[in-house]
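Novice: I'd like to go over a predicted model; first the sequence, then the structure.
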Amino acid sequence: MKKVLLPVLLTTLAVAAFAQQRDTTGGGRRGAALPGGFPGAGGGATAARAVPRPYKSVITDKAVTRDGLFKTHKVDDHYYFEIADSILNREILVVNRVAKSGADVRVADGYAGDIIGNTVITFEKGPANRIFMRKISYSTYSPDSTKSMYAVVQRSNVQAIAAAFNIAAYAPDNKGSVVDMTDYINSDNDIFYFSSAAAKSRFRLGNQLSDRSYIESVRSFKTNVEISTVKTYTLGAAASPFGARGGAPTPTPGGGSTGSVTVELNTSMVILPKKPMEARFFDARVGFFAHGYTDFDANPQGIKNIQMIARWRLEVKPEDMEKYKKGILVEPKKQIVYYIDPATPKKWQPYLIAGVNDWQKAFEAAGFKNAIVAKIAPTAKEDSTWSLDDASHSVLVYKPSETENASGPHISDPRSGEILETHINWFHNVMKLVHDWYMIQTAAVDPRARKMQFSDELMGDLIRFVSSHEVGHTLGLRHNYGSSSATPVEKLRDKAWVEANGHTASIMDYARFNYVAQPEDNITKAGLYPRIGDYDKWAINWGYRVLPGVKSPEAEVPVLNKMTIEALKNRRNWFGTETNPDDPHSQNEDLGDNAMKASDYGIKNLQRILVKLPEWTKEPNEDYDNLNNMYGQLTTQFGRYMGHVAKNIGGIYENPKSVEEAGFVYELTPAATQKEAMDFLDRQLFTTPMWLVNNDILNQTGGNGVTVIYRLQDAVLNRIVTEHQMNKLLIAESKDKNTYKITDFFGDMQNIIFRELKTNAAIDIYRRNLQKLYVDKLIDIVAPAPEPAAAATAIPAGGGRRGGGGGRELEQTDVVSVAKAQLRLINSQITSALPGTSDSMSKYHLQDLSERITAALNPKS
């Protein structure tokens with residue numbers, strides 16, 4: 001039997017599951033849903049055997065009938081599904097969305113088009129004239145019924161019966177069953193609506209109020225059924241998205257009004273293909289989203305975790321296969337179509353369409369032409385049967401939101417990874433986000449960016465870039481945080497090169513705009529904007545190229561591996577994961593192959609922009625909010641540069657490889673690079689960047705330079721003076737005696753932070769704050785504050801004393817020893833410097849530091 005790959009179903013809402021609460025207060029139609037079953041549906045344990053009635057007595061002349069996946073019948077206030085026997089045991093994907101919502105719901109989500117749950121179900125005939133609905137899980141799977149483990153796994157993986165329905169009548173041809181779905185659709189269940197109580201809590205929703213909830217419509221189409229409902233829920237206080245230690249969201253006091261709220265929900269039931277798409281196995285060297293399951297047959301002596309990529313089903317027409325083999329571009333059997341919400345402002349529609357169509361060139365790399373296209377969705381007047389909520393359509397939904405973002409989720413067939421549809425979320429206020437990025441990163445070189453209201457042409461270009469990025473996600477591509485590291489920094493200033501190649505090799509990177517380019521380089525927008533790049537074309541080629549003659553996912557692996565090894569000889573095809581905290585090549589918002597050089601150029605541009613901000617942010621009859629916002633954006637950008645550099649200290653490069661490739665997967669960042677990073681931080685951050693302290697701006701906005709500098713320095717010290725960081729340096733030295741050692745690091749930090757002690761120079765407020773911050777970080781390693789009892793077992797990310805190995809295990813490493821040595825050294829130098837310190841504030845500061853250190857090193861005293 002042919003192997004079919006079934007992964008875990010991709011869910012949109014990551015929430016903790018606990019008991020679903022049902023409204024039992026009454027007030028709804030007779031026979032409202034109660035726990036344990038649905039009256040009239042045969043759901044209870046003691047339900048009497050159903051007695052089907054003649055078809056005509058159930059589906060009367062009053063019935064309004066629609067043909068489609070199921071025949072649906074509306075008789076008075078009842079809704080019936082006529083389920084053909086041919087549909088029984090077929091997997092059906094259920095996708096639930098908010099169709100319309102109110103402002104009281106919109107806390108974290110709650111906009112039209114937002115997914116609130118999805119799952120896979122099947123219908124099957126049960127005993128006693130009943131139809132069972134099963135909820136299908138694919139987390140554990142034996143895909144081949146001819147293999148030894150198949151029967152064992154099946155016995156241990158019984159799919160739950162989510163609901164049972166009495167057969168009201170049999171179809172006239174006896175090849176189908178009619179069931180009354182009214183009570184189930186009216187109920188508050190986790191198949192057709194919110195996936196869990198925690199999911200509802202994100203929207204501040206409590207129990208359903210049945211007397212104020214009803215079915216709007218049930219519409220059947222060829223491959224899907226669309227159910228529209230109006231639901232009224234009790235409304236609680238705003239929920240914290242974090243809850244208690246990662247549990248369910250918890251109410252936030254004062255979070256808003258209480259009472260009730262009404263939303264319109266849409267449920268799409270889409271039948272999955274009878275023959276799943278051929279899966280393609282995941283490769284860590286190419287950045288695709290992946291789905292997985294545990295396979296008990298793949299490894300004869302154990303188990304194997306199988307992962308496969310998410311991608312659209314793009315197939316060659318049989319009559320075009322010979323052309324395809326010869327390298328001639330062909331059109332696919334089925335085009336990937338995106339519909340633009342007709343509510344989108346008309347002036348932005350062409351740019352959103354262009355952002356989709358830009359991907360055509362990437363699919364040409366995989367051998368397809370016209371593989372992807374965008375269209376404006378029809379309005380209700382143009383086509384009353386067409387709906388944005390229909391899961392058989394992929395759409396970009398325009399949302400009236402203050403959120404400065406956009407997102408590109410997708411729904412996949414859990415059996416193969418096939419992407420079935422996407423609803424891209426386009427929030428109105430994403431325009432503010434791209435405005436602020438572009439002004440701060442390019443206003444030094446692009447005069448168009450020197451105002452608070454961009455021209456429609458410029459804003460349209462920026463919308464197009466975001467559109468392309470989000471569409472990339474819906475094609476299966478993850479963020480590629482390593483792409484920009486393939487570009488030599490000086491090439492970012494080379495007009496001819498950067499305009500021809502772009503400043504990053506992937507639009508899936510978070511490498512917004514070319515902030516390295518200097519005014520004298522005269523680089524146009526072609527060298528400033530992101531675009532579909534070399535990596536994007538390679539990734540689409542890897543994921544979507546048809547391999548003629550290769551008969552299975554397993555057989556594809558060596559072919560794809562050979563392709564990958566060859567492609568990665570070009571660094572511009574490299575993928576850097578967004579989840580590695582230690583690799584300096586994989587960072588967001590950065591540019592170039594050397595963070596120190598790129599950031600030096602970026603700071604030059606920030607210095608040019610800062611002095612012009614009062615002029616560029618001025619608008620008639622407005623206050624100084626614009627200036628305050630853009631000054632904050634500028635200091636944030638400066639902080640990003642510091643973070644890019646700091647990641648080089650203790651850095652570990654990660655280069656995933658197959659065993660056929662030469663070289664190591666993990667390599668230490670060269671000592672010279674780490675030393676260069678330390679020198680940069682000394683020049684640009686720890687030596688107070690007084691240029692940021694612009695009192696002409698601060699006096700208009702109410703800020704102060706002391707706080708600005710303090711926060712920037714604190715953020716970097718929190719990254720580089722940590723237990724996790726120190727352990728990396730110690731481990732690196734155990735591997736390579738020529739690496740940048742922990743003693744090198746502390747020697748440099750001592751010379752940088754306490755240089756005044758050598759000359760008895762006065763220590764100003766900025767340097768006093770820096771020295772206190774540094775000493776406090778060391779004290780936190782040596783004598784950390786006690787943790788609350790409830791948090792004692794928690795393991796924070798990043799490792800370290802309070803969790804990176806368990807409990808107080810860190811005391812058995814050299815980290816505490818070295819930190820204590822640094823504190824003793826600082827205390828000794830303070831003792832020597834104090835007699836020669838004449839500045840009063842400097843003396844008070846040093847005395848305070850000495851007392852803090854003494855208390856930390858001698859807690860009993």
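Specialist: Yes, it's here.
Novice: so for stretch 635-652, mean pLDDT?
Specialist: Stretch 635-652 carries an average pLDDT of 98.
Novice: with just CA atoms, put it into CSV.
Specialist: The C-alpha coordinates for stretch 635-652 follow below in CSV (Å, rounded to 0.1, in the frame of the first residue of the first chain):
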residue,chain,number,x,y,z
THR,A,635,16.7,55.4,19.6
THR,A,636,15.1,52.0,19.0
GLN,A,637,17.0,51.7,15.7
PHE,A,638,20.2,52.6,17.5
GLY,A,639,19.4,49.9,20.1
ARG,A,640,19.0,47.4,17.3
TYR,A,641,22.5,48.1,16.0
MET,A,642,23.8,47.5,19.5
GLY,A,643,22.0,44.2,19.7
HIS,A,644,23.3,43.1,16.3
VAL,A,645,26.9,43.7,17.5
ALA,A,646,26.4,42.1,20.9
LYS,A,647,25.3,38.8,19.4
ASN,A,648,28.9,38.4,18.1
ILE,A,649,30.3,38.1,21.6
GLY,A,650,30.2,34.4,22.4
GLY,A,651,28.7,33.7,19.0
ILE,A,652,28.3,30.3,17.6
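Novice: how about that stretch: buried residues?
Specialist: Neighbour counts using 16 or more other Cβ atoms under 10 Å place 635, 637-652 of stretch 635-652 among the buried residues. Placement of C-beta: from N, CA and C, glycine included.
Novice: three-state assignment of Glu216?
Specialist: What DSSP: H, G, I helix; E, B strand; the rest coil gives for Glu216 is strand.
Novice: in strands, which of the buried residues of stretch 635-652 fall?
Specialist: Counted as lying in strands by DSSP state E, out of the buried residues of stretch 635-652, are Ile652.
Novice: show me where the stretch 551-700 of the chain has strands.
Specialist: Along the stretch 551-700 of the chain, the stretches classed as strands by DSSP state E, counting those that start in this stretch are 652-654, 666-668.
Novice: with adjacent residues omitted, what lies nearest to Asn425?
Specialist: Spatially, and ignoring its direct neighbours in sequence, Asn425 is nearest to Ser407 (4.6 Å; Cβ to Cβ, 6 or more residues apart in numbering).
Novice: now for the helix ranked longest in the chain, which elements pack on it?
Specialist: Longest among the helix segments of the chain by residue count, using DSSP state H, is helix 625-646. When contacts are defined as 3 or more Cβ pairs under 8 Å, 6 or more residues apart in numbering; DSSP states H and E, helix 625-646 sits against helix 430-442, helix 595-610, helix 613-616, helix 671-681, helix 695-701, helix 705-720.
Novice: same list (those) but as JSON lines, adding mean neighbour count.
Specialist: Formatted as JSON lines, these follow (neighbours: other Cβ atoms under 10 Å):
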{"stretch": "helix 430-442", "mean neighbour count": "21"}
{"stretch": "helix 595-610", "mean neighbour count": "21"}
{"stretch": "helix 613-616", "mean neighbour count": "16"}
{"stretch": "helix 671-681", "mean neighbour count": "19"}
{"stretch": "helix 695-701", "mean neighbour count": "15"}
{"stretch": "helix 705-720", "mean neighbour count": "18"}
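Novice: nothing else from me, thank you.
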